[in-house]
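Participant: need a structure here:
(one chain, ligands or ions: 2)
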Amino acid sequence: MSALWKSAEVASALCHAAISAPFEANGVTFDSRAVGKGDLFFALAGESTDGHRFVPDAFARGAAAAVVSQNVEAAGGPLVRVPDTMMALVQLGRAGRRRSRARIASVSGSVGKTSTKDALRAMLAAQAPTSASAASFNNHVGVPISLARLPRDARYGVFEIGMNHAGEIEPLARQVEAHVGVITTVGPVHIGYMGSEEAIADEKACLFAGMAPDPVAVLNRDSRHYERMAGRARRFGVSHMIGFGRSEHADARLVSCSLQDSGSDVVALIHGRRIEYRLGAAGEHWVLNSLAALAVIEALGADVDRAAAILGDVGASPGRGARRRLKFGNGTIELLDESYNANPVSMRAMLAVLARTQPLGNGRRVLVMGDMRELGNDADRYHAELADAVAGSGAAQVFLCGPHMGALFRALPSSSPVLHRPDSAGISGDVAAALRPGDVVAVKGSLASKMKVVVDAIVAASGGEAEG
Ligand SMILES: Nc1ncnc2c1ncn2[C@@H]1O[C@H](COP(=O)(O)OP(=O)(O)OP(=O)(O)O)[C@@H](O)[C@H]1O
Ligand SMILES: [Mg+2]
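Facilitator: Numbers count the residues shown, from 1 in each chain. Ligands and ions are numbered 1, 2, ... in the order given. Below you'll find the predicted structure:
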């Protein structure tokens, strides 16, 4: 098998950059701590540090070569000298994309990008060699890195594209040049920077800029922004729309689903053809993600039935709804870990899942929520508006932490069993002390709210993972 990148190809991709010695690289990275043997290391300037300081480290860890724009003393291996390492990374990503024969999908949306991207990876990899972005590598660094990692022989590529601010998606979409683009959802996420949901919908629709020939846009048919996004897609030259959702107008349409703690049984019509499948991740939001993914599979020309059969093995990942059963006292508890991120859309999805999860025996539903960040001036309102969903979750005890959660605390009836503390460290002891065997406990907040502290306290108070 030929190397991912040979030095001559790197030189030509980077406008004939000077290379100090020939090399072959089998990976591409910018994080010196994550360098693997044979990687091409890009020395990028970060906010707090500069990758050029870590070039010797990267070579010590086995890097094949380093791309640099400054002098590096005693580097320890072949150097590729360029005027600007960030620009060079984009160039290499573009070269990776240009040489690829893969069918390419791009995934954006306010929530559900990584969930949908990872489901697509699993579904496609079972059919042909597939490459997908790692983790949430969806920004100005993550996208070109993912493209530069696209193996020559990949038949499918799946790339996550995200944004915090207006204007970020279009250049990334143009790099990916997807055949099929999917927008999972549009909701008030990062709305503090974006102003309105309409502005978010417009920004997401920039996913359809600069697509490959015969492009397809996959859109949430139930979204009130559907027409708006379809209109934008048309302006970018995309005329083939596929809608997914509950709507009778959806091409990938939900007929029925039975939601259970451990997943769902789904019946859907994909372009009028009925399919039934089991989904390994719980919650209605996952059912909709799966429809979006199946619509993409169909548009990519892959086998929909084989793809649907894989969905039973697709589960939520740690911090995004993964469940753990822990020994607790003379029984067990179930922990729903959603500590990785939170916004009004995914909070509601989690509360709906909690409502459907049956505690064991005399167990109760226990809810722990930390602040949702980046919601701008209306942050308190978005928090307070969760009051109904909290009531509907059936939680017998509610623990809140963070300044904005104070607004939800005030919005809940004063009779409710709710405690509010300034931060997650302050509330973790209360949560651990309150739990009883049989309980189901859900923990969710933005990453910056550090809800993992609560997860860790619960795990520490437990007797470890229970069998089965
Ligand atoms: N369609 C959906 N609707 C509501 N919530 C969802 C949906 N899909 C996933 N979620 C929830 O949202 C959270 C984040 O999911 P995921 O990591 O897939 O999103 P993302 O868009 O990749 O986020 P990020 O912007 O951090 O990369 C998880 O807690 C998950 O359970
Ligand atoms: Mg993500």
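
Participant: three-state assignment of the residue in the stretch 251-400 of the chain positioned nearest to ligand 2?
Facilitator: Relative to ligand 2, the nearest point of the stretch 251-400 of the chain is residue 341 (8.0 Å; Cβ to the ion). C-betas here are computed from N, CA, C, even on glycine. Following DSSP: H, G, I helix; E, B strand; the rest coil, the label given to residue 341 is coil.

Participant: just residue 247 next, same as before
Facilitator: Under three-state DSSP, residue 247 falls in the coil class.

Participant: and residue 76, by the same measure?
Facilitator: Put simply, residue 76 is coil when judged by three-state DSSP.

Participant: okay, now it: neighbour count?
Facilitator: Burial of residue 76 is recorded as 14 neighbouring residues (other Cβ atoms under 10 Å).

Participant: residue 103 too?
Facilitator: Applying other Cβ under 10 Å, we find 21 residues neighbouring residue 103.

Participant: span of stretch 324-340 from start to end?
Facilitator: In terms of Cα to Cα, to the nearest Å, the two terminal residues of stretch 324-340 are separated by 15 Å.

Participant: buried residues, it. List them.
Facilitator: 324, 326, 328, 332-340 (16 or more other Cβ atoms under 10 Å).

Participant: contact partners of it?
Facilitator: Stretch 324-340 is contacted from outside by 318-323, 346, 350, 353-354, 357, 359-361, 363, 435-445, 447, 451-452, 454-455, 458-459, 461-466, 468, using Cβ atoms under 8 Å, 6 or more residues apart in numbering.

Participant: can you turn the buried part of the residues you listed into a ChimeraX selection?
Facilitator: Applying 16+ other Cβ under 10 Å to the contacts of stretch 324-340, the buried members can be selected in ChimeraX as follows:
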select :319,320,321,323,346,350,353,354,357,359,363,435,437,438,439,440,441,442,443,444,445,451,452,454,455,458,459,461,462
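
Participant: just the ones in strands from the contacts of stretch 324-340, please.
Facilitator: Applying DSSP state E to the contacts of stretch 324-340, the entries found in strands are 322-323, 440-444.

Participant: pLDDT added to the residues you listed, as JSON lines?
Facilitator: Shown next, in JSON lines, are these (pLDDT from 0 to 100):
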{"residue": "322", "pLDDT": "87"}
{"residue": "323", "pLDDT": "90"}
{"residue": "440", "pLDDT": "97"}
{"residue": "441", "pLDDT": "98"}
{"residue": "442", "pLDDT": "97"}
{"residue": "443", "pLDDT": "98"}
{"residue": "444", "pLDDT": "98"}
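
Participant: which SSE is immediately downstream of the helix or strand bottoming out on mean pLDDT in the chain?
Facilitator: Lowest by mean pLDDT, DSSP states H and E among the helices and strands of the chain is helix 191-194, with a mean of 84. Using DSSP states H and E, the helix or strand that follows helix 191-194 towards the C-terminus is helix 197-204.

Participant: which outside residues touch the helix or strand following that next one?
Facilitator: Counting by DSSP H and E, the element after helix 197-204 in chain order, helix or strand, is strand 216-220. Strand 216-220 has contacts (Cβ under 8 Å, 6+ apart) with 109, 179-186, 208, 226, 229-230, 233, 238, 240-245, 252, 288, 292, 295-296, 299.

Participant: tell me where the stretch 351-468 of the chain is predicted with low confidence.
Facilitator: Where the stretch 351-468 of the chain drops to pLDDT under 70, the residues are 468.

Participant: residue in it nearest to ligand 1?
Facilitator: Among all residues of the stretch 351-468 of the chain, residue 444 sits closest to ligand 1, at 6.9 Å; criterion: Cβ to the nearest ligand atom.

Participant: so what pairs up with that residue in the strands?
Facilitator: residue 338, residue 369 (DSSP bridges).

Participant: once you drop chain neighbours, what's closest to residue 401?
Facilitator: Using Cβ to Cβ, 6 or more residues apart in numbering and skipping the chain neighbours, the partner closest in space to residue 401 is residue 427 (4.4 Å).

Participant: could you pull up the residues touching the one you found?
Facilitator: 368, 399-401, 419, 421, 454.

Participant: which two of those have the greatest separation?
Facilitator: 419 and 454 (12.5 Å; Cβ to Cβ).

Participant: overlap of the contact sets of those two?
Facilitator: Counting by Cβ under 8 Å, 6+ apart, the residues touching both residue 419 and residue 454 are 399, 427.

Participant: up against ligand 1, what does this protein have?
Facilitator: Applying Cβ under 6 Å from any ligand atom, we find that the chain lies next to ligand 1 at 109, 111-115, 136, 138, 162, 184-185, 285, 288-289, 320-321, 338, 341, 345-346, 349.

Participant: thinking residue 252 is in contact with residue 266, fair?
Facilitator: No. Residue 252 is beyond contact range of residue 266, at 11.1 Å (criterion: Cβ atoms under 8 Å).

Participant: who's more crowded, those two?
Facilitator: More crowded of residue 252 and residue 266, by other Cβ under 10 Å: residue 252, with 27 against 23.

Participant: ok, the more buried one to residue 282 distance?
Facilitator: Distance of residue 252 to residue 282, given as Cβ to Cβ, to the nearest Å: 20 Å.

Participant: how about the residues of this protein by ligand 2?
Facilitator: 113-114, 136 (Cβ under 5 Å from the ion).

Participant: just the buried residues of those.
Facilitator: Buried members of those, scored by 16+ other Cβ under 10 Å, are 113-114.
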